[in-house]
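1. Just a sequence and a predicted model for now, questions to come.
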Amino acid sequence: MTRCEHGVEDLCPAGVKLYEHALRTGHVTAEDAAEASCLTDLGLLHPALDDLGRLEPVAPAAALHRLLRSSAARIAHERRREDRLTAQFESLMGRARQDASSSDTPTLRLHSGTRPINQAITDAMAEAGREVLCIQSHTGLTGPRSRTAVAAARDRDQAVLDRGARIRALYQHTLRHVPAVYGGFERLRGDVEVRGLDELPDRLIVIDREVAFLPARGDGSLALEVRHPALAAYFVTTFDRLWWLATPLYPTLEHRPTVNGVTPRQQAIAALLVEGHTDAVIAQRLGMNIRTARDHIAKLAATLGSESRAQLGYLIERSGILGREG
């Protein structure tokens with residue numbers, strides 16, 4: 001005997017036909033019911049009390065009432081289960097929302113435009129309480145807007161210092177000759193230390209070793225805000241390594257010695273000349289205009305007695321001014 005695998009709401013055609021016949025005649029034989037065993041399985045036919053070989057139909061109204069009551073019981077059971085699930089997960093969802101709210105700051109965020117970039121830096125520095133690290137190349141500080149930019153940054157830095165934090169800054173050596181920059185250091189009150197290097201990477205700000213800002217485009221129109229702990233730690237390590245190579249500029253100014261009559265500025269130029277760089281590249285990397293770079297190259301050539309560019313490179317190598325005798 002083959003059983004029909006379907007629910008009462010999906011009676012097979014043979015089952016419908018046999019059930020209708022049983023309702024009309026009042027009964028069917030067990031042999032006839034074998035063709036649609038689903039009727040007995042679903043409780044629509046039951047054996048007669050006085051003859052087990054005869055099956056009698058359950059009234060449709062009674063069957064429907066029984067089925068609906070069973071369905072209602074299942075629905076009630078599922079609702080009670082829903083209530084238990086809600087109670088079980090409600091506290092968990094509350095903790096998840098709390099964790100999400102405490103970490104809703106993205107690890108990377110891109111800021112576009114000078115005003116939004118400066119505002120993002122100002123907002124982050126408003127929370128600084130320990131230390132601000134800054135790398136500032138010549139870019140953006142020697143143009144016509146340098147005085148306004150430096151003044152705005154000075155007010156922001158002073159607020160950080162007033163909260164007891166310290167500031168360490170790396171600048172290119174050429175910026176000691178920019179009054180708007182160097183004068184800004186002298187107006188600050190607090191724990192400020194500035195050092196200089198001939199060459200620096202592009203601008204970097206690290207606040208409390210937790211958040212960093214760096215350029216995302218060469219023209220300064222895009223900046224990346226970084227709040228990833230591993231990246232912030234990497235930036236701090238990079239800063240510290242450059243810091244120990246740098247020369248103090250403020251509050252104490254350390255003058256680097258000349259070597260064989262060659263000034264520190266000319267030594268930096270000599271190193272780039274030996275690498276084969278053009279005057280324009282040397283000027284750009286050392287934060288000076290090309291005319292100044294060429295003046296220094298001419299003085300370097302005169303000091304070493306060079307008559308040509310090719311000879312100058314050879315004399316630089318032999319002079320020992322780069323710390324290696326030829």
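-> Okay, I see it. Numbers count the residues shown, from 1 in each chain.
2. can you confirm A230 is in a helix?
-> Yes. Assessed with DSSP: H, G, I helix; E, B strand; the rest coil, A230 lies in a helix.
3. Could I get the full set of strands for the stretch 201-326 of the chain?
-> In the stretch 201-326 of the chain, the segments counted as strands under DSSP state E, counting those that start in this stretch are 204-207, 211-215, 222-226, 247-250.
4. In TSV, list these along with mean neighbour count and distance to T107.
-> Heads up, the C-betas are built off the backbone N, CA and C, glycines and all. Shown next, in TSV, are the strands of the stretch 201-326 of the chain (neighbours: other Cβ atoms under 10 Å; distance: least, Cβ to Cβ, whole Å):
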stretch	mean neighbour count	distance to T107
strand 204-207	22	15
strand 211-215	21	10
strand 222-226	19	7
strand 247-250	17	34
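5. Out of the ones you listed, which gets nearest to S319?
-> S319 lies closest, by Cβ to Cβ, to one member of the strands of the stretch 201-326 of the chain: strand 247-250, at 21.2 Å.
6. Name the residues that touch the closest one?
-> 171, 173, 176, 182, 185-186, 192-197, 254, 256 (Cβ atoms under 8 Å, 6 or more residues apart in numbering).
7. I'd like to know which of these are buried.
-> Among the contacts of strand 247-250, the ones that count as buried by 16 or more other Cβ atoms under 10 Å are 171, 173, 176, 182, 185, 192, 194-197.
8. which stretches of this protein aren't confidently modelled?
-> For the chain, the stretches with pLDDT under 70 are 1-5, 94-105, 138-152, 175-184, 323-326.
9. Show me it divided up by domain.
-> 8-58, 108-250, 264-319 (automatic domain parsing).
10. R84 is nearest to which of the ones you listed?
-> For the domains of the chain, the distance to R84 is smallest for domain 8-58, at 28.1 Å, taking Cβ to Cβ.
11. Check the offset of the closest one from the chain's centre.
-> In terms of Cα atoms, centre = their mean, to the nearest Å, the centre of domain 8-58 is found 70 Å from the chain centre.
12. Over to stretch 206-222?
-> Counting by Cα atoms, centre = their mean, stretch 206-222 comes out at 12 Å from the chain centroid.
13. about what we covered before: and the contacts of strand 247-250 as CSV, adding distance to A120?
-> CSV is the format used below for the contacts of strand 247-250 (distance: Cβ to Cβ, whole Å):
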residue, distance to A120
Y171, 22
H173, 29
R176, 29
Y182, 27
F185, 24
E186, 28
V192, 23
E193, 25
V194, 24
R195, 26
G196, 27
L197, 26
E254, 34
R256, 36
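14. helix or strand for the nearest residue to E35 once chain neighbours are set aside, which one?
-> Take E35 and drop its neighbours on the chain: the residue closest to it by Cβ to Cβ, 6 or more residues apart in numbering is A14, 5.7 Å away. Using DSSP states H and E, A14 sits in helix 13-25.
15. could you point out which element follows that helix?
-> The element immediately downstream of helix 13-25 (helix or strand, assigned by DSSP H and E) is strand 28-29.
16. elements contacting that following strand?
-> Under the contact criterion of 3 or more Cβ pairs under 8 Å, 6 or more residues apart in numbering; DSSP states H and E, strand 28-29 touches helix 13-25, strand 54-57.
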